[in-house]
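S.K.: what follows is a predicted structure for the sequence shown.
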Amino acid sequence: METSLVMGTDDYQTAERWNFKRTGVTGSLVTKPQSFELELHLGFLLGAFQDKIKQQIEQNLDQLLGPAKG
């Protein structure tokens, strides 16, 4: 079983992509001039904590970048 989280925007004109893989999680980070997209695929064990992981990522990003617009 795999759980996916996708966060970000849809501006792909100029983008760079980084893929990563760790025990229990794989994903990618796509950076663009004015935005980014973070995609995580959580394994079975981490999938049980999806809501908490998403909440913590959003909280950390809000602290670094400010709340999302829109």
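M.R.: Right, received. Where do you want to start? Note that this is a predicted model, so its numbers are computed, not measured.

S.K.: start to end distance for stretch 17-33?
M.R.: From its first residue to its last, stretch 17-33 covers 12 Å (Cα to Cα, to the nearest Å).

S.K.: wait, I meant stretch 34-52
M.R.: 27 Å.

S.K.: likewise for stretch 29-43?
M.R.: 18 Å.

S.K.: got phi/psi on residue 39?
M.R.: Phi and psi for residue 39, reported as degrees, to the nearest 10, are phi -120, psi 120.

S.K.: next helix or strand past the helix or strand of the chain with the lowest mean pLDDT?
M.R.: Within the chain, confidence by mean pLDDT, DSSP states H and E is lowest for strand 3-8 among all helices and strands, at a mean of 50. Scanning forward in sequence from strand 3-8 by DSSP states H and E, the next helix or strand is strand 16-22.

S.K.: that next one pairs with which strands?
M.R.: Neighbouring strands of strand 16-22 in its sheet, by DSSP bridges, are strand 25-31 (antiparallel).

S.K.: what residues does the partner strand touch?
M.R.: 8, 12, 15-21, 36-43, 46 (Cβ atoms under 8 Å, 6 or more residues apart in numbering). Every residue, glycine included, has its C-beta placed from N, CA and C.

S.K.: just the buried residues of these.
M.R.: 36, 37, 39, 40, 41, 42, 46 (16 or more other Cβ atoms under 10 Å).

S.K.: the last one contacts residue 54, doesn't it?
M.R.: Okay, so that is residue 46. No - counting by Cβ atoms under 8 Å, residue 46 stays clear of residue 54, with 11.4 Å between them.
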